[in-house]
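S.K.: Just need the structure, nothing else, for what follows:
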Amino acid sequence: MPVDADVPDIQVQFIDEPDPASDALGARGFGETPMTGVTAAITNAVFHATGKRVRDLPLTHDELL
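M.R.: You can find the predicted model right below:
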């Protein structure tokens, strides 16, 4: 299972150009976008290992029994 120690160092960069498509603060985050496929990959791996499809998160052992 992935843990915090598996995450590489994160660098924050600020760009001095406003983004008209962003929210009221003029900021846009990109941190969650690459993580959207991780949950699906883990639950698919659990399905292939156990044969049980779990569609609710968080994934717990109670749902597999």
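S.K.: Low-confidence stretches in this structure?
M.R.: Applying pLDDT under 70 to the chain flags residues 1-2, 22-35.
S.K.: would you list every one of the helices in it?
M.R.: With DSSP state H as the criterion, the chain has helices at 36-50, 61-64.
S.K.: Need those helices in TSV (columns: mean neighbour count and distance to Phe14).
M.R.: For the C-beta atoms, the positions are set from N, CA and C on the backbone; glycine is no exception. Below are those laid out as TSV (neighbours: other CB atoms under 10 Å; distance: least, CB to CB, whole Å):
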stretch	mean neighbour count	distance to Phe14
helix 36-50	11	24
helix 61-64	10	42
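S.K.: These: which one's closest to Gln11?
M.R.: Closest to Gln11 of these is helix 36-50 (CB to CB; 20.0 Å).
S.K.: And that closest one, how far out from the chain middle?
M.R.: 12 Å (CA atoms, centre = their mean, to the nearest Å).
S.K.: elements contacting it?
M.R.: The helices and strands touching helix 36-50, judged by 3 or more CB pairs under 8 Å, 6 or more residues apart in numbering; DSSP states H and E, number zero.
S.K.: can I have it written out in CSV, keeping just the CAs?
M.R.: What follows is helix 36-50, C-alpha atoms only, in CSV (Å, rounded to 0.1, in the frame of the first residue of the first chain):
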residue,chain,number,x,y,z
THR,A,36,-7.0,10.4,-9.8
GLY,A,37,-5.9,7.1,-11.4
VAL,A,38,-4.2,5.7,-8.4
THR,A,39,-7.3,4.8,-6.5
ALA,A,40,-8.8,3.0,-9.6
ALA,A,41,-5.5,1.1,-10.1
ILE,A,42,-5.4,-0.1,-6.5
THR,A,43,-9.0,-1.2,-6.4
ASN,A,44,-8.5,-3.0,-9.8
ALA,A,45,-5.5,-4.8,-8.4
VAL,A,46,-7.6,-5.8,-5.4
PHE,A,47,-10.3,-7.1,-7.7
HIS,A,48,-7.8,-9.1,-9.8
ALA,A,49,-6.2,-10.6,-6.6
THR,A,50,-9.4,-11.4,-4.8
